[in-house]
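Trainee: sharing a model that was predicted from the sequence below.
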Amino acid sequence: MGVRMMGFFLVAVALAGCAPTESGIEDQTFGGDVAFLQKHTEVVVLKDGSGNGQVAVLPAMQGRVMTSTATGPGGTSFGWINRELIASGETLAHMNPFGGEDRFWIGPEGGQFSIFFEKGVPFDLDHWQTPAPMDTEPFELVSKSQDSAVLRRTMKLSNYSGTTFNVQVDRQVRVLDREQALTHLGVPVGPSVKMVAFESDNRMTNVGTEPWNKQTGLLSIWILGMFNPSPRTTVVIPFHVGDESELGPVVNDAYFGKVPASRLVAKDGVLFFSGDGQYRSKIGLSPQRATDVAGSYDAGGKVLTIVQYNKPQGVSDYVNSMWELQDEPYSGDVINAYNDGPPEPGAKPLGPFYELETSSPAAALAPGQSIVHTHRTFHLVGDEAELDPVARALLGVSTAEIASALP
């Protein structure tokens with residue numbers, strides 16, 4: 001969740017007045033979630049070759065992957081869905097947090113090159129606004145097949161400094177067969193482990209007549225995934241070890257005040273961060289510290305989640321989303337993780353949910369040029385003994401270490 005969480009105080013208040021969900025008892029299987037969503041919008045269900053790995057794509061909600069399952073319609077639904085807001089039919093001011101485990105945004109959020117603040121206004125909630133093409137306006141469904149959906153949207157965006165961007169977004173969501181998923185993971189996975197794997201290829205093209213440059217502002221692709229929290233869910237992010245004088249701080253944990261030591265631990269090149277949905281906090285890693293993988297482990301549900309993305313070598317310019325005029329507008333984070341919770345004691349949380357986010361580099365594009373950001377999500381469900389070697393190989397730690405990392 002970006003620095004925009006400052007704006008979610010108002011959103012949370014608004015949601016408190018929304019209508020309750022349509023049924024007294026929610027069916028939170030994948031099939032139940034799809035049935036709920038189909039009452040309100042078009043849902044494109046994609047399937048892998050086995051038919052068990054499925055994802056739900058919503059063209060009218062910017063082509064987001066709202067949720068997925070590894071075991072068919074009756075299986076666990078992994079994405080967080082804001083049923084209250086969707087069922088209410090309301091449109092909120094500032095931003096509509098509908099949910100989804102792979103949704104498309106564009107950065108930066110704050111600073112002199114922000115596309116969330118108009119030229120010259122204060123960096124505060126009253127003036128913060130998510131651009132409609134990323135919030136309430138639909139993407140065009142160009143084509144679909146059993147395992148793929150292609151979507152498109154053209155948009156005009158303006159930043160705080162007055163620069164106008166003419167943008168075309170081409171987004172393809174694909175469900176991966178098990179063999180494809182294993183190739184991307186690069187490690188063996190036991191045959192009894194259930195899995196769903198999907199990726200979004202996100203292409204942003206400068207369709208205007210002027211080049212985008214650092215002096216007047218650059219854009220980046222920002223993919224955010226919201227997942228259902230649990231008391232035993234821990235976010236796991238490997239990082240490059242090295243001296244802070246060369247690589248900078250290991251982690252930025254000051255977005256909403258420093259994260260308590262009981263909720264964030266750095267050990268032997270790995271960050272452990274609570275995904276319990278009980279305490280509002282956020283962390284970020286710089287391009288010098290970030291690798292190309294992050295994940296989480298739900299020790300109760302025995303679900304290992306892996307996120308991969310394409311991280312170009314030697315690139316250091318990433319947009320900065322802090323809500324202030326910035327000395328370093330291209331010193332932003334590459335990977336972020338967010339844990340939801342009450343904004344203040346006794347207040348209602350936004351979700352709750354936890355979030356894994358990745359960003360592309362800042363895109364200095366000439367007319368007709370594009371940048372592509374690929375964000376890939378895997379959910380693996382199985383016994384701890386089966387998930388342990390996967391966690392060790394990809395995240396650098398055992399499932400037991402993850403489960404016991406936080407006090």
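Mentor: Now that the structure is in, tell me what you want to look at. Predicted, not measured: the structure shown is a model, and the values here were computed from it.
Trainee: any idea of the mean pLDDT in stretch 145-163?
Mentor: Here stretch 145-163 scores 98 as its mean pLDDT.
Trainee: then stretch 219-226?
Mentor: Mean predicted confidence for stretch 219-226 is 98.
Trainee: so what's the gap between that stretch and the chain middle?
Mentor: 6 Å (C-alpha atoms, centre = their mean, to the nearest Å).
Trainee: point out where the stretch 251-400 of the chain drops to low pLDDT.
Mentor: For the stretch 251-400 of the chain, no stretch is flagged by pLDDT under 70.
Trainee: can you pull out the strands in it?
Mentor: For the stretch 251-400 of the chain, the strands defined by DSSP state E, counting those that start in this stretch occupy 264-267, 270-274, 281-285, 293-298, 303-309, 335-339, 354-359, 370-381.
Trainee: to residue 42, which of these lies closest?
Mentor: strand 370-381 (21.6 Å; C-beta to C-beta). (Each C-beta comes from the backbone N, C-alpha and C, glycine too.)
Trainee: the residue lying closest to residue 267 once chain neighbours are set aside and residue 274, how far apart?
Mentor: Leaving aside its sequence neighbours, residue 267 sits nearest to residue 405 (C-beta to C-beta, 6 or more residues apart in numbering; 7.1 Å). For residue 405, the distance to residue 274 (C-beta to C-beta, to the nearest Å) stands at 10 Å.
Trainee: what's the longest helix in this protein?
Mentor: Ranked by number of residues, the top helix in the chain under DSSP state H is helix 384-395.
Trainee: neighbouring contacts of that one?
Mentor: 185-190, 192-193, 236, 238, 270, 293, 295, 297, 299, 302, 304, 306, 380, 397-400, 402 (C-beta atoms under 8 Å, 6 or more residues apart in numbering).
Trainee: also stretch 320-329?
Mentor: Stretch 320-329 has contacts (C-beta under 8 Å, 6+ apart) with 2-3, 6, 107-114, 123-124, 128, 217, 319, 330-332.
Trainee: which strand or helix spans the spatially most central residue of the chain?
Mentor: Nearest to the mean C-alpha position of the chain, by C-alpha atoms, centre = their mean, lies residue 224 at 1.5 Å. According to DSSP states H and E, residue 224 maps onto strand 220-227.
Trainee: ok, residues contacting the helix or strand following that strand?
Mentor: As assigned by DSSP H and E, the chain's next helix or strand after strand 220-227 is strand 233-238. With C-beta under 8 Å, 6+ apart as the test, strand 233-238 has contacts from 269-276, 283, 285, 290-291, 293-300, 335, 337, 339, 354, 356, 391, 395-397, 402-403, 405-406.
Trainee: mind giving me the packing neighbours of the next helix or strand after strand 233-238?
Mentor: Using DSSP H and E, the next helix or strand after strand 233-238 towards the C-terminus is helix 244-247. Here helix 244-247 touches no other helix or strand, going by 3 or more C-beta pairs under 8 Å, 6 or more residues apart in numbering; DSSP states H and E.
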